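J.: Model the following, please.
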Amino acid sequence: MVCHGVSVPPQSKMTVLTATLPILRALLAGGHGDLADWAGQAVRITGGSGPSLVLDGVGGDIGRAAFDVTAAGGRFSAHGTPGGGFAPVNPGDAAERGISVLGIDRVQLEPAEATRLTSLAFAEAASGRIKPVIGQTFSLEGAADAHRAIESRAVLGKTLLEV
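T.: Predicted coordinates:
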């Protein structure tokens, strides 16, 4: 199932929401809904339960809204702050709904574990089960333009330099 830009194997019951403002804007554009109701759409897409894994790359109020739609028993990973700070999540609210809240500190891995997980991710990507959102590419000569686009937060997904 795909929910807002992240693919997981079809046999999986996991639904994933990546909360990044450019991705939300792009995926909801063109008659696919409006940005004001993205959280409601995430709940509808998941049959009313909400996504079981939320990767919050925005923080602030948008991150809080993403937490609010996280499925009971799900996982919420807060790792972005362009919304003005990490999502304000009350530990009591998370515990009451059985949601595991993870922060950026949880992805500081020992080198061997980082290598193992990277190899696993590459294998999943090579098989087509993980599909990154690549928003734009730049030539190596356009690296300064790529940096400006990233710094202005005008990018959708990942920005690649072609060499």
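J.: so which strand or helix has S119?
T.: helix 111-127 (DSSP states H and E).
J.: what's the next secondary structure element after that helix?
T.: strand 134-139.
J.: and D93, what element?
T.: With elements taken from DSSP H and E, the one containing D93 is helix 91-97.
J.: which other helices and strands contact that helix?
T.: Here helix 91-97 touches strand 100-103, going by 3 or more Cβ pairs under 8 Å, 6 or more residues apart in numbering; DSSP states H and E. C-beta coordinates here come from the backbone N, C-alpha and C atoms, glycine included.
J.: quick check: mean pLDDT across the strand it packs on?
T.: Here strand 100-103 scores 88 as its mean pLDDT.
J.: go on, stretch 140-148?
T.: Mean predicted confidence for stretch 140-148 is 92.
J.: Mark out where each domain of this protein begins and ends.
T.: According to automatic domain parsing, the chain comprises the domains 16-107, 111-162.
J.: Mean pLDDT lowest where, among these?
T.: Sorting the domains of the chain by mean pLDDT places domain 16-107 lowest, at a mean of 78.
J.: which of the domains of the chain sits most buried?
T.: Stretch with highest mean neighbour count among those: domain 16-107 (a mean of 18; mean count of other Cβ atoms under 10 Å).
J.: ok now that one, how far from the chain's centre?
T.: Computed by Cα atoms, centre = their mean, to the nearest Å, the separation of domain 16-107 from the middle of its chain amounts to 8 Å.
J.: got it, and stretch 109-126?
T.: The answer for stretch 109-126 is 18 Å, by Cα atoms, centre = their mean.
J.: Distance of D37 relative to A65?
T.: 10 Å (Cβ to Cβ, to the nearest Å).
J.: And R116, by the same measure?
T.: 34 Å.
J.: Many thanks, we can stop here.
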